[in-house]
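> Need a 3D model of the sequence below.
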Amino acid sequence: MIRRALLSVYDKSGLDELARGLADLGVELVASGGTSAFLEKLGIAVTPVEEVTEVPELLGGRVKTLHPNIHAAILARQDEPEDRASLDDFAIEPFGLVCVNLYPFQDVVSRKAVTEEEAVEMIDIGGPAMLRAAAKNFAHVAPVCKPERYPEVLSELRARGELSLETRRRLAAETFSVTAAYEAAIAGWFSEPEGFPDSVLPVFTRELDLAYGENPHQRAAYYSEVGARRHLLSRVEQLHGRELSFNNLNDLSAARLIAREFELPACVIVKHANPCGVAVSGSIEQAYERALASDPLSAYGGVVVLNRAVSAELGVRLAEQFIEVLFAPGYDDDALSRLQEKPATRILDDRERRLSNPGERDYRRVLGGLLVQERDSDIDDREGMEVVCGTPSEMVWGDLLFAWRVCKHVTSNAIVVARDLQTIGIGAGQMSRVDAVRLALEKAREHDHPTAGAVLASDAFFPFADGPQLALGAGVTGIIQPGGSKRDGEVIEAVEREGATMVFTHRRHFRH
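Here you go, the predicted model:
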(Lines give C-alpha, C1' and ligand atoms only; values in the text may rest on other atoms or scores of the structure.)
Protein backbone atom coordinates (compact mmCIF):
# COMPACT_ATOMS: atom_id res chain seq x y z
CA MET A 1 0.00 0.00 0.00
CA ILE A 2 1.22 3.49 -0.83
CA ARG A 3 0.75 5.77 2.15
CA ARG A 4 3.27 8.47 1.34
CA ALA A 5 4.48 9.97 -1.94
CA LEU A 6 7.36 12.31 -2.78
CA LEU A 7 6.72 14.76 -5.65
CA SER A 8 9.48 16.88 -7.21
CA VAL A 9 8.89 17.79 -10.85
CA TYR A 10 10.14 20.43 -13.27
CA ASP A 11 7.40 19.68 -15.82
CA LYS A 12 4.08 20.24 -14.05
CA SER A 13 1.99 18.64 -16.83
CA GLY A 14 -0.68 16.42 -15.32
CA LEU A 15 0.57 17.04 -11.79
CA ASP A 16 -2.74 18.42 -10.53
CA GLU A 17 -4.64 15.28 -11.59
CA LEU A 18 -1.99 13.00 -10.09
CA ALA A 19 -1.83 14.89 -6.78
CA ARG A 20 -5.60 15.09 -6.40
CA GLY A 21 -5.93 11.41 -7.26
CA LEU A 22 -3.32 10.39 -4.70
CA ALA A 23 -4.84 12.65 -2.06
CA ASP A 24 -8.27 11.13 -2.68
CA LEU A 25 -6.72 7.72 -2.02
CA GLY A 26 -5.43 8.93 1.34
CA VAL A 27 -1.80 9.27 0.29
CA GLU A 28 0.28 11.87 2.17
CA LEU A 29 2.02 14.20 -0.29
CA VAL A 30 5.53 15.57 0.32
CA ALA A 31 6.89 17.99 -2.27
CA SER A 32 10.00 20.08 -2.92
CA GLY A 33 10.09 23.88 -3.43
CA GLY A 34 8.37 24.74 -6.73
CA THR A 35 6.24 21.60 -6.73
CA SER A 36 5.02 22.30 -3.20
CA ALA A 37 4.13 25.92 -4.08
CA PHE A 38 2.28 24.74 -7.21
CA LEU A 39 0.14 22.29 -5.22
CA GLU A 40 -0.56 24.78 -2.44
CA LYS A 41 -1.94 27.23 -5.00
CA LEU A 42 -4.32 24.51 -6.14
CA GLY A 43 -5.49 23.99 -2.56
CA ILE A 44 -4.02 20.50 -2.32
CA ALA A 45 -2.66 19.53 1.11
CA VAL A 46 1.10 19.04 0.90
CA THR A 47 4.07 18.80 3.27
CA PRO A 48 7.09 20.83 2.11
CA VAL A 49 10.39 18.93 1.98
CA GLU A 50 11.94 21.43 4.44
CA GLU A 51 9.58 20.19 7.15
CA VAL A 52 10.84 16.64 6.58
CA THR A 53 14.53 17.53 6.45
CA GLU A 54 14.30 20.34 9.02
CA VAL A 55 16.78 22.20 6.79
CA PRO A 56 15.82 25.01 4.39
CA GLU A 57 16.81 24.97 0.74
CA LEU A 58 20.51 25.78 0.41
CA LEU A 59 22.74 27.28 -2.28
CA GLY A 60 19.91 28.91 -4.17
CA GLY A 61 17.95 25.67 -4.43
CA ARG A 62 20.87 23.42 -5.42
CA VAL A 63 20.39 21.42 -2.20
CA LYS A 64 16.83 20.49 -1.27
CA THR A 65 16.35 16.73 -1.15
CA LEU A 66 19.91 15.49 -0.53
CA HIS A 67 19.19 14.45 3.06
CA PRO A 68 18.94 11.15 5.02
CA ASN A 69 15.31 11.84 5.91
CA ILE A 70 14.54 11.75 2.18
CA HIS A 71 16.87 9.06 0.90
CA ALA A 72 16.41 6.68 3.84
CA ALA A 73 12.66 6.98 3.31
CA ILE A 74 13.15 5.98 -0.35
CA LEU A 75 15.78 3.23 0.10
CA ALA A 76 14.33 1.45 3.14
CA ARG A 77 13.45 -2.21 2.55
CA GLN A 78 10.13 -2.79 4.27
CA ASP A 79 10.80 -6.49 4.80
CA GLU A 80 14.20 -5.94 6.48
CA PRO A 81 13.92 -5.59 10.30
CA GLU A 82 17.16 -3.60 10.48
CA ASP A 83 15.88 -1.10 7.93
CA ARG A 84 12.60 -0.76 9.80
CA ALA A 85 14.46 -0.25 13.06
CA SER A 86 16.63 2.48 11.52
CA LEU A 87 13.55 4.31 10.31
CA ASP A 88 11.94 4.02 13.73
CA ASP A 89 15.09 5.27 15.48
CA PHE A 90 15.02 8.50 13.47
CA ALA A 91 11.22 8.78 13.12
CA ILE A 92 11.40 8.52 9.31
CA GLU A 93 8.27 7.54 7.38
CA PRO A 94 8.99 5.57 4.18
CA PHE A 95 7.85 6.65 0.72
CA GLY A 96 5.88 4.25 -1.46
CA LEU A 97 5.94 6.41 -4.58
CA VAL A 98 8.55 8.84 -5.90
CA CYS A 99 7.45 11.09 -8.77
CA VAL A 100 10.32 13.12 -10.27
CA ASN A 101 11.09 14.57 -13.67
CA LEU A 102 14.37 16.24 -14.47
CA TYR A 103 15.59 19.66 -15.49
CA PRO A 104 15.33 19.98 -19.30
CA PHE A 105 19.08 19.96 -19.95
CA GLN A 106 18.83 18.79 -23.57
CA ASP A 107 16.17 21.35 -24.48
CA VAL A 108 18.19 24.20 -23.03
CA VAL A 109 21.57 23.33 -24.59
CA SER A 110 19.94 22.88 -28.01
CA ARG A 111 18.89 26.54 -28.05
CA LYS A 112 21.02 29.17 -29.72
CA ALA A 113 23.46 31.32 -27.72
CA VAL A 114 23.13 29.35 -24.47
CA THR A 115 26.01 30.13 -22.12
CA GLU A 116 28.01 27.48 -20.33
CA GLU A 117 26.71 28.77 -17.00
CA GLU A 118 23.10 28.42 -18.14
CA ALA A 119 23.76 24.88 -19.36
CA VAL A 120 25.48 23.81 -16.15
CA GLU A 121 22.58 25.09 -14.04
CA MET A 122 20.32 22.69 -15.96
CA ILE A 123 22.28 19.66 -14.72
CA ASP A 124 19.94 18.05 -12.21
CA ILE A 125 21.56 16.41 -9.17
CA GLY A 126 18.84 15.67 -6.66
CA GLY A 127 16.32 14.45 -9.23
CA PRO A 128 18.41 11.60 -10.67
CA ALA A 129 19.54 10.65 -7.15
CA MET A 130 15.94 10.24 -5.95
CA LEU A 131 14.83 8.42 -9.09
CA ARG A 132 17.75 5.98 -9.02
CA ALA A 133 17.17 5.28 -5.33
CA ALA A 134 13.48 4.57 -5.92
CA ALA A 135 14.23 2.40 -8.97
CA LYS A 136 16.83 0.42 -7.02
CA ASN A 137 14.23 -0.19 -4.31
CA PHE A 138 11.42 -1.00 -6.79
CA ALA A 139 10.39 -3.97 -4.65
CA HIS A 140 8.98 -1.44 -2.19
CA VAL A 141 8.81 1.90 -4.05
CA ALA A 142 7.28 2.94 -7.38
CA PRO A 143 9.48 5.38 -9.36
CA VAL A 144 7.52 7.58 -11.80
CA CYS A 145 9.59 9.76 -14.13
CA LYS A 146 7.19 10.66 -16.97
CA PRO A 147 3.85 12.53 -16.86
CA GLU A 148 2.50 10.03 -19.41
CA ARG A 149 2.51 7.39 -16.67
CA TYR A 150 0.29 9.32 -14.23
CA PRO A 151 -3.08 8.08 -15.56
CA GLU A 152 -2.09 4.40 -15.57
CA VAL A 153 -0.55 4.65 -12.09
CA LEU A 154 -3.73 6.20 -10.70
CA SER A 155 -5.91 3.71 -12.55
CA GLU A 156 -4.06 0.73 -11.07
CA LEU A 157 -4.06 2.22 -7.57
CA ARG A 158 -7.80 2.81 -7.75
CA ALA A 159 -8.45 -0.69 -9.09
CA ARG A 160 -6.06 -2.69 -6.88
CA GLY A 161 -5.19 -0.41 -3.99
CA GLU A 162 -1.50 -0.94 -4.84
CA LEU A 163 0.92 -1.17 -7.73
CA SER A 164 1.93 -4.67 -8.77
CA LEU A 165 5.54 -5.84 -8.71
CA GLU A 166 5.43 -6.06 -12.53
CA THR A 167 4.37 -2.41 -12.76
CA ARG A 168 7.07 -1.28 -10.35
CA ARG A 169 9.70 -3.29 -12.22
CA ARG A 170 8.60 -1.71 -15.53
CA LEU A 171 8.69 1.77 -13.99
CA ALA A 172 12.19 1.06 -12.63
CA ALA A 173 13.42 -0.01 -16.08
CA GLU A 174 12.02 3.16 -17.61
CA THR A 175 13.58 5.25 -14.84
CA PHE A 176 17.08 3.87 -15.39
CA SER A 177 16.67 4.41 -19.15
CA VAL A 178 15.70 8.05 -18.53
CA THR A 179 18.54 8.75 -16.10
CA ALA A 180 21.06 6.99 -18.35
CA ALA A 181 19.93 9.08 -21.32
CA TYR A 182 20.13 12.21 -19.20
CA GLU A 183 23.69 11.48 -18.13
CA ALA A 184 24.63 10.58 -21.71
CA ALA A 185 23.29 13.91 -22.97
CA ILE A 186 25.38 15.77 -20.38
CA ALA A 187 28.49 13.71 -21.18
CA GLY A 188 27.93 14.37 -24.89
CA TRP A 189 27.66 18.12 -24.30
CA PHE A 190 30.90 18.17 -22.28
CA SER A 191 32.78 16.09 -24.87
CA GLU A 192 31.49 17.89 -27.99
CA PRO A 193 34.78 19.76 -28.58
CA GLU A 194 36.72 16.47 -28.57
CA GLY A 195 35.18 15.08 -31.79
CA PHE A 196 35.71 11.42 -30.88
CA PRO A 197 35.87 11.09 -27.06
CA ASP A 198 36.99 7.96 -25.21
CA SER A 199 33.37 6.88 -24.74
CA VAL A 200 30.51 7.31 -27.22
CA LEU A 201 27.10 7.39 -25.57
CA PRO A 202 24.41 7.83 -28.23
CA VAL A 203 20.86 7.80 -26.88
CA PHE A 204 17.80 6.92 -28.91
CA THR A 205 14.09 7.19 -28.16
CA ARG A 206 11.53 4.80 -29.61
CA GLU A 207 9.25 6.51 -32.12
CA LEU A 208 7.53 3.56 -33.79
CA ASP A 209 7.02 -0.16 -33.25
CA LEU A 210 7.45 -1.88 -36.61
CA ALA A 211 5.68 -5.02 -37.76
CA TYR A 212 9.04 -6.69 -38.42
CA GLY A 213 12.61 -5.98 -39.53
CA GLU A 214 14.33 -6.63 -42.85
CA ASN A 215 12.66 -10.04 -42.78
CA PRO A 216 9.39 -11.20 -41.13
CA HIS A 217 11.19 -13.28 -38.48
CA GLN A 218 13.10 -10.23 -37.12
CA ARG A 219 11.54 -7.92 -34.52
CA ALA A 220 12.11 -4.20 -35.11
CA ALA A 221 11.38 -0.63 -34.01
CA TYR A 222 12.32 2.87 -35.18
CA TYR A 223 14.23 5.14 -32.77
CA SER A 224 15.22 8.78 -33.11
CA GLU A 225 18.51 10.06 -31.70
CA VAL A 226 18.14 12.25 -28.63
CA GLY A 227 19.69 15.63 -29.31
CA ALA A 228 19.39 15.51 -33.10
CA ARG A 229 17.76 18.65 -34.46
CA ARG A 230 15.70 16.61 -36.89
CA HIS A 231 15.10 12.94 -37.57
CA LEU A 232 13.73 10.94 -40.48
CA LEU A 233 10.08 11.35 -39.50
CA SER A 234 10.12 14.65 -37.62
CA ARG A 235 7.54 17.07 -39.00
CA VAL A 236 6.30 14.32 -41.31
CA GLU A 237 2.64 13.31 -41.38
CA GLN A 238 1.40 10.07 -42.89
CA LEU A 239 -1.75 10.88 -44.86
CA HIS A 240 -2.59 7.43 -46.16
CA GLY A 241 -1.53 3.82 -46.53
CA ARG A 242 -0.18 0.92 -44.55
CA GLU A 243 2.13 1.23 -41.58
CA LEU A 244 5.71 2.07 -42.43
CA SER A 245 8.06 -0.91 -42.42
CA PHE A 246 11.74 -1.29 -41.55
CA ASN A 247 12.72 -1.45 -45.24
CA ASN A 248 10.47 1.52 -46.08
CA LEU A 249 12.28 3.68 -43.55
CA ASN A 250 15.71 2.51 -44.65
CA ASP A 251 14.90 3.36 -48.28
CA LEU A 252 13.24 6.65 -47.29
CA SER A 253 16.38 7.74 -45.46
CA ALA A 254 18.52 6.98 -48.51
CA ALA A 255 16.14 8.86 -50.82
CA ARG A 256 15.87 11.92 -48.57
CA LEU A 257 19.65 12.18 -48.28
CA ILE A 258 19.94 12.20 -52.08
CA ALA A 259 17.09 14.68 -52.56
CA ARG A 260 18.70 17.19 -50.22
CA GLU A 261 21.63 17.46 -52.66
CA PHE A 262 19.45 19.47 -55.07
CA GLU A 263 17.70 22.84 -54.96
CA LEU A 264 16.02 22.61 -58.38
CA PRO A 265 12.90 20.42 -58.80
CA ALA A 266 14.15 16.88 -58.25
CA CYS A 267 12.80 13.36 -58.00
CA VAL A 268 14.59 10.41 -56.40
CA ILE A 269 13.42 6.81 -56.70
CA VAL A 270 15.11 4.27 -54.40
CA LYS A 271 15.01 0.48 -54.18
CA HIS A 272 16.92 -1.44 -51.49
CA ALA A 273 18.67 1.73 -50.29
CA ASN A 274 20.14 2.48 -53.74
CA PRO A 275 18.82 5.01 -56.26
CA CYS A 276 17.43 3.49 -59.43
CA GLY A 277 16.33 6.83 -60.88
CA VAL A 278 17.26 10.44 -60.14
CA ALA A 279 16.50 13.51 -62.22
CA VAL A 280 16.53 17.29 -61.93
CA SER A 281 14.38 19.38 -64.26
CA GLY A 282 12.53 22.65 -64.74
CA SER A 283 9.36 21.25 -63.15
CA ILE A 284 8.63 18.51 -60.67
CA GLU A 285 6.40 16.79 -63.22
CA GLN A 286 9.31 16.54 -65.68
CA ALA A 287 11.69 15.48 -62.91
CA TYR A 288 9.41 12.55 -62.03
CA GLU A 289 8.97 11.45 -65.64
CA ARG A 290 12.71 11.47 -66.23
CA ALA A 291 13.56 9.74 -62.93
CA LEU A 292 11.01 7.02 -63.71
CA ALA A 293 12.35 6.64 -67.25
CA SER A 294 15.86 6.10 -65.85
CA ASP A 295 14.97 2.53 -64.86
CA PRO A 296 11.18 1.94 -64.91
CA LEU A 297 11.57 -1.78 -64.18
CA SER A 298 13.49 -1.22 -60.94
CA ALA A 299 11.23 1.69 -59.94
CA TYR A 300 8.29 -0.71 -59.47
CA GLY A 301 7.50 -0.82 -55.74
CA GLY A 302 10.09 1.80 -54.88
CA VAL A 303 10.25 4.81 -52.58
CA VAL A 304 9.65 8.11 -54.40
CA VAL A 305 10.85 11.38 -52.88
CA LEU A 306 10.00 14.73 -54.46
CA ASN A 307 11.23 18.15 -53.36
CA ARG A 308 8.18 20.00 -54.68
CA ALA A 309 4.45 19.66 -53.99
CA VAL A 310 2.43 17.14 -56.00
CA SER A 311 0.09 18.78 -58.51
CA ALA A 312 -3.17 17.27 -59.77
CA GLU A 313 -1.41 16.36 -63.02
CA LEU A 314 1.46 14.65 -61.24
CA GLY A 315 -0.95 12.88 -58.90
CA VAL A 316 -2.55 11.14 -61.87
CA ARG A 317 0.84 9.93 -63.13
CA LEU A 318 2.00 8.77 -59.72
CA ALA A 319 -1.23 6.81 -59.22
CA GLU A 320 -0.41 4.80 -62.34
CA GLN A 321 2.74 3.41 -60.73
CA PHE A 322 3.03 0.95 -57.84
CA ILE A 323 4.81 3.00 -55.15
CA GLU A 324 5.58 1.72 -51.66
CA VAL A 325 6.24 5.18 -50.13
CA LEU A 326 5.57 8.62 -51.61
CA PHE A 327 7.16 11.59 -49.89
CA ALA A 328 6.59 15.22 -50.89
CA PRO A 329 6.16 18.69 -49.33
CA GLY A 330 2.42 18.94 -49.95
CA TYR A 331 -0.30 17.55 -52.21
CA ASP A 332 -3.00 19.11 -54.34
CA ASP A 333 -6.43 17.99 -53.05
CA ASP A 334 -7.30 16.24 -56.33
CA ALA A 335 -3.88 14.57 -56.40
CA LEU A 336 -4.32 13.30 -52.84
CA SER A 337 -7.79 11.95 -53.59
CA ARG A 338 -6.47 10.09 -56.61
CA LEU A 339 -3.47 8.70 -54.75
CA GLN A 340 -5.62 7.56 -51.82
CA GLU A 341 -7.35 5.17 -54.19
CA LYS A 342 -4.20 3.08 -53.89
CA PRO A 343 -4.70 1.31 -50.53
CA ALA A 344 -1.09 0.14 -50.07
CA THR A 345 0.79 3.35 -50.90
CA ARG A 346 2.12 5.14 -47.85
CA ILE A 347 1.69 8.86 -48.51
CA LEU A 348 3.91 11.10 -46.40
CA ASP A 349 3.60 14.88 -46.18
CA ASP A 350 6.90 16.65 -45.52
CA ARG A 351 6.25 19.71 -43.35
CA GLU A 352 9.89 20.75 -43.39
CA ARG A 353 11.77 20.57 -46.62
CA ARG A 354 15.33 20.51 -45.36
CA LEU A 355 16.62 17.53 -43.37
CA SER A 356 19.82 18.75 -41.75
CA ASN A 357 21.83 17.77 -38.69
CA PRO A 358 25.19 19.55 -38.86
CA GLY A 359 27.99 17.47 -37.37
CA GLU A 360 25.85 14.33 -37.27
CA ARG A 361 27.79 11.12 -36.76
CA ASP A 362 27.26 7.94 -38.73
CA TYR A 363 27.00 4.76 -36.64
CA ARG A 364 27.58 1.29 -38.06
CA ARG A 365 27.01 -1.76 -35.88
CA VAL A 366 29.66 -4.47 -36.14
CA LEU A 367 30.20 -7.67 -34.22
CA GLY A 368 30.50 -6.67 -30.57
CA GLY A 369 31.19 -3.04 -31.38
CA LEU A 370 30.39 0.17 -33.19
CA LEU A 371 32.08 2.02 -36.05
CA VAL A 372 31.63 5.78 -35.73
CA GLN A 373 32.40 8.39 -38.38
CA GLU A 374 31.35 11.86 -39.45
CA ARG A 375 28.56 11.74 -42.01
CA ASP A 376 29.84 12.26 -45.55
CA SER A 377 29.50 15.98 -46.17
CA ASP A 378 27.49 17.75 -48.83
CA ILE A 379 29.13 18.67 -52.13
CA ASP A 380 28.55 22.31 -52.95
CA ASP A 381 30.69 23.26 -55.95
CA ARG A 382 33.82 22.58 -58.00
CA GLU A 383 36.20 23.73 -55.27
CA GLY A 384 39.21 21.45 -55.05
CA MET A 385 38.41 19.63 -58.31
CA GLU A 386 40.92 19.42 -61.15
CA VAL A 387 40.28 19.10 -64.89
CA VAL A 388 43.02 16.65 -65.93
CA CYS A 389 42.09 16.44 -69.62
CA GLY A 390 39.61 18.06 -72.00
CA THR A 391 37.69 21.28 -71.56
CA PRO A 392 34.21 20.66 -70.12
CA SER A 393 31.47 23.09 -71.13
CA GLU A 394 29.09 24.45 -68.49
CA MET A 395 26.49 21.91 -69.59
CA VAL A 396 28.98 19.06 -69.17
CA TRP A 397 30.04 20.44 -65.80
CA GLY A 398 26.38 20.35 -64.76
CA ASP A 399 26.07 16.70 -65.70
CA LEU A 400 29.37 15.80 -64.05
CA LEU A 401 28.42 17.41 -60.75
CA PHE A 402 24.93 15.90 -60.91
CA ALA A 403 26.35 12.39 -61.43
CA TRP A 404 28.94 12.94 -58.69
CA ARG A 405 26.29 13.98 -56.17
CA VAL A 406 24.19 10.89 -56.93
CA CYS A 407 27.23 8.60 -56.91
CA LYS A 408 27.97 9.61 -53.33
CA HIS A 409 24.76 7.81 -52.27
CA VAL A 410 25.22 4.58 -54.24
CA THR A 411 26.64 1.46 -52.58
CA SER A 412 30.30 0.92 -53.43
CA ASN A 413 31.71 0.06 -55.86
CA ALA A 414 29.52 2.74 -57.41
CA ILE A 415 29.20 3.99 -60.98
CA VAL A 416 26.61 6.49 -62.20
CA VAL A 417 26.05 7.28 -65.89
CA ALA A 418 24.03 10.44 -66.48
CA ARG A 419 22.88 12.66 -69.32
CA ASP A 420 21.02 15.98 -69.20
CA LEU A 421 20.66 15.85 -65.38
CA GLN A 422 19.12 12.38 -65.47
CA THR A 423 20.61 9.08 -64.37
CA ILE A 424 20.51 6.59 -67.22
CA GLY A 425 22.53 3.75 -65.71
CA ILE A 426 23.69 2.88 -62.19
CA GLY A 427 26.07 0.11 -61.16
CA ALA A 428 25.92 -0.49 -57.41
CA GLY A 429 27.61 -2.74 -54.88
CA GLN A 430 29.91 -4.60 -57.26
CA MET A 431 33.12 -6.21 -56.05
CA SER A 432 34.91 -5.06 -59.20
CA ARG A 433 34.79 -1.46 -60.45
CA VAL A 434 34.91 -2.52 -64.09
CA ASP A 435 31.89 -4.75 -63.43
CA ALA A 436 30.08 -1.74 -61.95
CA VAL A 437 30.81 0.18 -65.18
CA ARG A 438 29.58 -2.73 -67.26
CA LEU A 439 26.36 -2.97 -65.21
CA ALA A 440 25.66 0.76 -65.48
CA LEU A 441 26.10 0.70 -69.25
CA GLU A 442 23.92 -2.41 -69.55
CA LYS A 443 21.19 -0.65 -67.56
CA ALA A 444 21.33 2.30 -69.95
CA ARG A 445 21.07 0.01 -73.00
CA GLU A 446 18.27 -2.01 -71.39
CA HIS A 447 16.05 1.08 -71.29
CA ASP A 448 17.19 2.54 -74.63
CA HIS A 449 19.07 5.46 -73.15
CA PRO A 450 21.67 6.86 -75.54
CA THR A 451 25.10 6.88 -73.90
CA ALA A 452 26.69 9.03 -76.58
CA GLY A 453 27.55 12.33 -74.91
CA ALA A 454 26.80 10.97 -71.42
CA VAL A 455 29.02 11.39 -68.38
CA LEU A 456 30.17 8.87 -65.80
CA ALA A 457 30.91 9.27 -62.09
CA SER A 458 32.92 6.81 -60.01
CA ASP A 459 32.97 6.94 -56.21
CA ALA A 460 36.66 5.96 -56.08
CA PHE A 461 39.62 5.92 -58.44
CA PHE A 462 39.98 3.56 -61.38
CA PRO A 463 42.87 1.18 -60.65
CA PHE A 464 43.18 0.41 -64.36
CA ALA A 465 42.09 2.02 -67.63
CA ASP A 466 39.67 -0.84 -68.43
CA GLY A 467 36.63 0.78 -66.75
CA PRO A 468 36.98 4.14 -68.49
CA GLN A 469 37.71 2.38 -71.80
CA LEU A 470 34.39 0.51 -71.56
CA ALA A 471 32.56 3.79 -70.96
CA LEU A 472 34.41 5.65 -73.71
CA GLY A 473 33.62 2.83 -76.13
CA ALA A 474 29.93 3.34 -75.36
CA GLY A 475 30.16 7.04 -76.22
CA VAL A 476 30.70 8.56 -72.76
CA THR A 477 32.50 11.88 -73.18
CA GLY A 478 33.02 13.00 -69.58
CA ILE A 479 34.29 11.20 -66.47
CA ILE A 480 34.47 12.43 -62.88
CA GLN A 481 36.38 10.43 -60.30
CA PRO A 482 38.65 11.01 -57.26
CA GLY A 483 41.93 10.06 -58.89
CA GLY A 484 44.87 8.87 -56.83
CA SER A 485 45.64 5.56 -58.53
CA LYS A 486 49.21 4.48 -59.32
CA ARG A 487 47.99 4.21 -62.91
CA ASP A 488 46.33 7.63 -63.14
CA GLY A 489 48.64 8.43 -66.02
CA GLU A 490 47.38 5.44 -68.03
CA VAL A 491 43.76 6.38 -67.29
CA ILE A 492 44.28 10.01 -68.30
CA GLU A 493 46.00 8.92 -71.48
CA ALA A 494 43.11 6.60 -72.43
CA VAL A 495 40.54 9.36 -71.88
CA GLU A 496 42.61 12.00 -73.66
CA ARG A 497 43.14 9.68 -76.63
CA GLU A 498 39.37 9.55 -77.17
CA GLY A 499 39.03 13.35 -76.93
CA ALA A 500 36.96 13.08 -73.76
CA THR A 501 36.99 15.13 -70.56
CA MET A 502 38.00 13.93 -67.12
CA VAL A 503 37.82 15.65 -63.73
CA PHE A 504 39.62 14.55 -60.57
CA THR A 505 37.71 15.47 -57.40
CA HIS A 506 40.55 14.44 -55.06
CA ARG A 507 37.82 13.22 -52.76
CA ARG A 508 36.47 9.69 -52.38
CA HIS A 509 32.87 8.74 -51.57
CA PHE A 510 32.83 5.08 -50.53
CA ARG A 511 29.50 3.93 -49.10
CA HIS A 512 29.51 0.38 -47.81
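> any idea which residue of the chain is furthest from its center?
Asp89 (52.5 Å; CA atoms, centre = their mean).
> Tell me how the chain divides into domains.
4-194, 235-350, 380-504 (automatic domain parsing).
> Do you know the pLDDT at the most centrally placed residue in the chain?
Per CA atoms, centre = their mean, the C-alpha nearest to the average position across the chain is that of His231, at 3.7 Å. pLDDT recorded at His231 is 89.
> hmm, who's touching stretch 175-194?
102, 105-106, 109, 119, 123-124, 128, 131-132, 134-135, 143, 145-146, 197, 199, 201-203, 205, 226-227 (CB atoms under 8 Å, 6 or more residues apart in numbering). Bear in mind the C-beta positions are built from the backbone N, C-alpha and C, glycine included.
> Tell me the buried residues within these.
Listed as buried from the contacts of stretch 175-194 are 102, 105-106, 109, 119, 123-124, 128, 131-132, 134-135, 143, 145, 202-203, 226-227; burial here means 16 or more other CB atoms under 10 Å.
> Sort out which of those are in strands and list them.
Pro143 (DSSP state E).
> Can you list which of the buried ones among the contacts of stretch 175-194 are found in helices?
Cross-referencing those against helices under DSSP state H gives 105-106, 109, 119, 128, 131-132, 134-135.
> Rebuild those residues as TSV, extending it with distance to Arg445.
Output for these, formatted as TSV (distance: CB to CB, whole Å):
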residue	distance to Arg445
Phe105	58
Gln106	53
Val109	54
Ala119	59
Pro128	63
Leu131	64
Arg132	65
Ala134	68
Ala135	64
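> Let me know the closest of these to Tyr300.
Gln106 (42.4 Å; CB to CB).
> Which residues are in contact with the closest one?
Contacts of Gln106 (CB under 8 Å, 6+ apart): 185, 226-227.
> TSV please, covering the residues you listed and showing pLDDT and distance to Tyr150.
Shown next, in TSV, are these (pLDDT from 0 to 100; distance: CB to CB, whole Å):
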residue	pLDDT	distance to Tyr150
Ala185	86	24
Val226	80	22
Gly227	72	26
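> So which of those is the closest to Gly368?
Val226 (23.7 Å).
> In stretch 461-470, which residues are buried?
For stretch 461-470, by 16+ other CB under 10 Å, it's 461-462, 465-470.
> Compute the first-to-last residue distance for that stretch.
15 Å (CA to CA, to the nearest Å).
> Let me see the mean pLDDT of it.
On average, stretch 461-470 scores 95.
> Out of the ones in helices among the buried ones among the contacts of stretch 175-194, which comes closest to Gly241?
Gln106 (32.5 Å).
> Give me the distance between that closest one and Ser177.
14 Å (CB to CB, to the nearest Å).
> And Ile269, by the same measure?
Ile269 is 38 Å from Ser177, by CB to CB.
> Show me which of those two is the more surrounded one.
Between Ile269 and Ser177, counted using other CB atoms under 10 Å, Ile269 has the larger neighbour count: 29 against 15.
> Phi, psi for the more buried one please.
Backbone dihedrals for Ile269, given as degrees, to the nearest 10, come out at phi -120, psi 130.
> List of residues touching the helix or strand where Gly467 lies?
Assignment of secondary structure by DSSP states H and E places Gly467 within helix 466-473. Defining contact as CB under 8 Å, 6+ apart, one finds that helix 466-473 is touched by 415, 417, 433-434, 436-438, 441, 451, 456, 458, 462, 479, 491, 494-495, 498, 500, 502.
> if you set the cut-off to 6 Å instead, what comes out?
433-434, 437, 456, 462, 479, 491, 494-495, 498, 500 (CB atoms under 6 Å, 6 or more residues apart in numbering).
> and after that helix, which helix or strand comes next?
Next helix or strand after helix 466-473 toward the C-terminus (DSSP H and E): strand 478-481.
> Report all helices and strands that that next one contacts.
helix 394-407, strand 455-458, strand 501-504 (3 or more CB pairs under 6 Å, 6 or more residues apart in numbering; DSSP states H and E).
> Please tell me how far the residue lying closest to Arg149 once chain neighbours are set aside sits from Val49.
Leaving aside its sequence neighbours, Arg149 sits nearest to Leu171 (CB to CB, 6 or more residues apart in numbering; 6.9 Å). Distance of Leu171 to Val49, computed by CB to CB: 22 Å.
> swap in Glu162?
25 Å.
> Compare the two (neighbour count), which wins?
Val49 (25 against 14).
> and which of the ones in helices among the buried ones among the contacts of stretch 175-194 is nearest to Glu313?
Once CB to CB is applied, the member of these that ends up nearest Glu313 is Gln106, at 44.2 Å.
> do you know how far that closest one is from Glu116?
15 Å.
> ditto for Ala293
Using CB to CB, Ala293 is found at 55 Å from Glu116.
> Tell me which of those two has more neighbours.
Ala293 (17 against 9).
> quick one on the thing from earlier: quick one: secondary structure of the closest residue to the residue nearest to the centre of the chain other than its chain neighbours?
Leaving aside its chain neighbours, His231 sits nearest to Ser224 (3.8 Å; criterion: CB to CB, 6+ apart). Recorded secondary structure, Ser224: strand (DSSP: H, G, I helix; E, B strand; the rest coil).
> Let me know the pLDDT of Ser224.
In this model, Ser224 carries a pLDDT of 90.
> Mind listing what's buried along stretch 448-460?
Quick answer for stretch 448-460 (16+ other CB under 10 Å): 449, 451, 454-460.
> the strands in the stretch 151-300 of the chain, which residues?
Using DSSP state E, counting those that start in this stretch, the strands of the stretch 151-300 of the chain run over residues 204-210, 220-225, 236-240, 266-271, 274-280.
> Tell me which of those approaches Gly427 most closely.
strand 274-280 (10.0 Å).
> any idea of the mean pLDDT in the closest one?
The pLDDT scores in strand 274-280 average 97.
> Check stretch 360-371 too.
Mean predicted lDDT for stretch 360-371 stands at 87.
> Please apply the same query to stretch 133-153.
Stretch 133-153 comes out at a mean pLDDT of 95.
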